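Student: here are the coordinates; sequence isn't available:
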């Protein structure tokens, strides 16, 4: 009897021991990042802490005794909230390749796109979002709907004022987009046909977005000589509609105004904020802008649509008129970026999109024209025509480093790349512009403007890339390292962080960004993309909360 009892007791103890061992083997967290210098994203100095993540959220910050299924030793590194790109161009390419390799490897975990709108009409936005989610994306993604999109859906790509009936149809498109989850409406007022939209028209459309707690974001009508007037238009739209305003890629792209326009523009925005207008801006940190070479054609040429504009551009008589206007400087409704850059010597061919001109890549239009013994405008516009149906791209060296430094110091400034994800790993970004900002913009903020020039503190630089843009975009569950928030993380080495991309080698990956975590899952592991796709589509408030009547 005693023997049987002892045997049973030993068996029970063995079962308890196995159960206890199994329990001990089960990790407490999905991921623990240990020994790092934690920057919370709110502008506070770093603290030494462990960061534990469970079920996609920050579970514990401080001394973490429990184990993680995966553990990362961040000793000697900074642990920051994931970086937010406030002006992304990946809306279309993510349908083709959701990895966004170049974005993740520069520390970006969230991208806000839509300067030109969504890649689909308003009625198709729900299906577009569903497809992104079904296929999988590696970063979090949200987008604006284009105010100009609504116009084109109703009126086509021609100039003219909308009738009351057309205006109502345009507003209905905006409402449809907002209910689908667009973050607001965006404008690209420097480009036709979007440049044909009036302030009154934009106020009406912004009122619809505002009813859904949306945002009005704008590539200003003029970033050069009339920068202040263009900012005043955005302020007026905000005041009259009640919408929050975001200025895309803030700059003074006008050599004669370097050193004076940016401080005046900053004061203008500060004054508006002081009287209650919710306005702020984002910027990239390079002295050259990049866009289509077709921006050098006066906008009126496209007043009857793109096809008619191309036809006119081939006409020698009309081209003579266009060249006279180009030499005369900016006109109402058209910002002359050649004049803003100080001449064709400062307009550099970035991507001709045609093998015939490939050998001239990285040369100024003035230099190319000299080699061909032709007028620079003729050369530029011939390249534009030869690229069709693609878009020839150029660098416009319009900004000064002094102005970049001044703008970065504005407390309401955040960071946006104006670049897309690459379709192919290590390749050009989605918009066909080989600008270094597609691979280096975010690490450059720290490498150049924190470490080298000491324009920003590290804490404030991180704030501008995390909690501030999250607050602006109403992403209240992201942008800071706090228990309960979604776990987006960028781990970097301050000593080695560097933007290696240049105008000559624009697809060079940065160094010093070791780990990137999106929604609790490691996506960049020791500077390599893991292939994981834990990103989510970020929908605006209108998707969940229809407006009250």
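Tutor: It's in. In this text, all values refer to a predicted model and were calculated from it rather than measured experimentally. Numbers count the residues shown, from 1 in each chain.
Student: Return the distance of the lengthiest strand in the chain from the chain's centre.
Tutor: With DSSP state E setting the assignment, residue counts place strand 29-38 as the longest strand in the chain. Offset of strand 29-38 from its chain centre (Cα atoms, centre = their mean, to the nearest Å): 28 Å.
Student: Name every strand pairing with it and say which way it goes.
Tutor: Taking DSSP bridges as the criterion, strand 29-38 sits next to strand 47-54 (antiparallel), strand 68-73 (parallel), strand 78-81 (parallel) in its sheet.
Student: Which residues does the second one contact?
Tutor: The contact list for strand 68-73 (Cβ atoms under 8 Å, 6 or more residues apart in numbering) reads 27-35, 52-53, 491, 515, 522. The C-beta positions use only the backbone N, C-alpha and C, and glycine is treated the same way.
Student: Need those residues in a markdown table (columns: pLDDT and neighbour count).
Tutor: A markdown table is the format used below for these (pLDDT from 0 to 100; neighbours: other Cβ atoms under 10 Å):
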| residue | pLDDT | neighbour count |
| --- | --- | --- |
| 27 | 95 | 15 |
| 28 | 96 | 15 |
| 29 | 98 | 21 |
| 30 | 98 | 19 |
| 31 | 98 | 22 |
| 32 | 98 | 25 |
| 33 | 98 | 28 |
| 34 | 98 | 17 |
| 35 | 97 | 15 |
| 52 | 98 | 26 |
| 53 | 98 | 26 |
| 491 | 98 | 22 |
| 515 | 98 | 22 |
| 522 | 98 | 21 |
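Student: of all these, which comes closest to residue 137?
Tutor: Relative to residue 137, the closest of these is residue 522; by Cβ to Cβ it sits at 15.7 Å.
Student: hang on, isn't that closest one packed against residue 528?
Tutor: No: with contacts counted by Cβ atoms under 8 Å, residue 522 stays clear of residue 528, the gap being 10.3 Å.
Student: Highest mean neighbour count out of the strands paired with strand 29-38?
Tutor: Of all the strands paired with strand 29-38, strand 78-81 has the most neighbours on average by mean count of other Cβ atoms under 10 Å, namely a mean of 27.
Student: and after that one, which helix or strand comes next?
Tutor: Stepping forward along the backbone from strand 78-81, the first helix or strand reached (DSSP states H and E) is strand 83-88.
Student: what mean pLDDT would you report for stretch 90-109?
Tutor: Per-residue pLDDT values across stretch 90-109 average out to 98.
Student: in that stretch, what counts as buried?
Tutor: Counting neighbours by 16 or more other Cβ atoms under 10 Å, one finds that the buried residues in stretch 90-109 are 90-94, 97-109.
Student: Can you list which of the residues you listed are found in strands?
Tutor: 108, 109.
Student: Format the strands paired with strand 29-38 as CSV; extra columns: distance to residue 383.
Tutor: Listed next are those as CSV, based on distance: least, Cβ to Cβ, whole Å:
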stretch, distance to residue 383
strand 47-54, 50
strand 68-73, 48
strand 78-81, 42
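Student: What segments of the stretch 101-250 of the chain are helices?
Tutor: Remark: helices assigned in the stretch 101-250 of the chain by DSSP state H, counting those that start in this stretch are 101-104, 125-135, 147-155, 164-180, 199-211, 227-241.
Student: what's the most buried one of those helices?
Tutor: Between those, the one whose residues have the most neighbours on average, counting mean count of other Cβ under 10 Å, is helix 101-104 (a mean of 27).
Student: residues making contact with that one?
Tutor: Outside of helix 101-104, the residues that reach it under the criterion Cβ under 8 Å, 6+ apart are 85, 88, 90, 111, 138-139, 421-422, 425-426, 429, 438-439, 507, 509, 516, 518, 523-524, 529.
Student: Now, of those, which are buried?
Tutor: By the neighbour-count criterion of 16+ other Cβ under 10 Å, the contacts of helix 101-104 include these buried positions: 85, 88, 90, 111, 138-139, 421-422, 429, 438-439, 507, 509, 516, 518, 523-524, 529.
Student: okay, and for the stretch 251-400 of the chain, where does confidence drop off?
Tutor: Using pLDDT under 70 as the threshold, the predicted model of the stretch 251-400 of the chain has no low-confidence range.
Student: in it, which spans are helices?
Tutor: Counting by DSSP H, counting those that start in this stretch, the helices of the stretch 251-400 of the chain are 261-274, 306-313, 316-328, 337-341, 365-372, 376-387.
Student: Give me the pLDDT for residue 20.
Tutor: At residue 20, the predicted lDDT confidence score is 43.
Student: picking that back up, nearest to residue 119, of the contacts of strand 68-73?
Tutor: Closest approach to residue 119 among the contacts of strand 68-73 (Cβ to Cβ): residue 522, at 29.1 Å.
Student: which ones are touching the closest one?
Tutor: Neighbour list for residue 522: 31, 70, 72, 515, 516, 530, 532 [criterion: Cβ under 8 Å, 6+ apart].
Student: between the helix or strand containing it and strand 47-54, how big is the angle?
Tutor: Secondary structure here is read from DSSP H and E; on that basis residue 522 sits in strand 521-525. In terms of direction (axes from the mean of the first three to the mean of the last three Cα atoms, to 10 degrees), strand 521-525 departs from strand 47-54 by 120 degrees.
Student: Sheet-wise, list the partners of strand 521-525 with their directions.
Tutor: Each strand pairing with strand 521-525, determined using DSSP bridges, is listed with its direction: strand 513-518 (antiparallel), strand 528-529 (antiparallel).
Student: Among those, single out whichever gets nearest to residue 63.
Tutor: Nearest to residue 63, of these and by Cβ to Cβ, is strand 513-518 at 20.1 Å.
Student: For the residue nearest to residue 182 when sequence neighbours are not counted, name its beta-bridge partners.
Tutor: Nearest in space to residue 182, with sequence neighbours left out and distances taken as Cβ to Cβ, 6 or more residues apart in numbering, is residue 145 at 4.0 Å. Note on residue 145: beta-bridge partners by DSSP bridges are residue 185.
Student: need the contact list for residue 145.
Tutor: Contacts for residue 145 were tallied using Cβ under 8 Å, 6+ apart; they are 114, 117-118, 122, 125, 173-174, 177-178, 182, 184-186.
Student: ok, now residue 49?
Tutor: Contacts of residue 49 by Cβ under 8 Å, 6+ apart are 36, 38, 61, 62, 63, 79.
Student: Let me know the closest of these to residue 295.
Tutor: residue 79 (41.3 Å).
Student: Against residue 33, how distant is the closest one?
Tutor: From residue 79 across to residue 33, the span is 6 Å (Cβ to Cβ, to the nearest Å).
Student: my guess is residue 390 meets residue 353, correct?
Tutor: Yes: with contacts defined as Cβ under 8 Å, residue 390 counts as touching residue 353 at a distance of 3.9 Å.
Student: returning to what we had before: can you lay out the strands paired with strand 521-525 as JSON lines showing distance to residue 487?
Tutor: What follows is the strands paired with strand 521-525, written out as JSON lines (distance: least, Cβ to Cβ, whole Å):
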{"stretch": "strand 513-518", "distance to residue 487": "6"}
{"stretch": "strand 528-529", "distance to residue 487": "18"}
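Student: Could you say which one of those comes nearest to residue 408?
Tutor: Taking Cβ to Cβ, strand 513-518 is the member of the strands paired with strand 521-525 nearest to residue 408, at 20.0 Å.
Student: picking that back up, can you redo the contacts of strand 68-73 as JSON lines with distance to residue 342?
Tutor: Supplementary listing: the contacts of strand 68-73 in JSON lines, determined by distance: Cβ to Cβ, whole Å:
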{"residue": "27", "distance to residue 342": "60"}
{"residue": "28", "distance to residue 342": "61"}
{"residue": "29", "distance to residue 342": "56"}
{"residue": "30", "distance to residue 342": "54"}
{"residue": "31", "distance to residue 342": "51"}
{"residue": "32", "distance to residue 342": "54"}
{"residue": "33", "distance to residue 342": "48"}
{"residue": "34", "distance to residue 342": "52"}
{"residue": "35", "distance to residue 342": "50"}
{"residue": "52", "distance to residue 342": "54"}
{"residue": "53", "distance to residue 342": "50"}
{"residue": "491", "distance to residue 342": "42"}
{"residue": "515", "distance to residue 342": "43"}
{"residue": "522", "distance to residue 342": "46"}
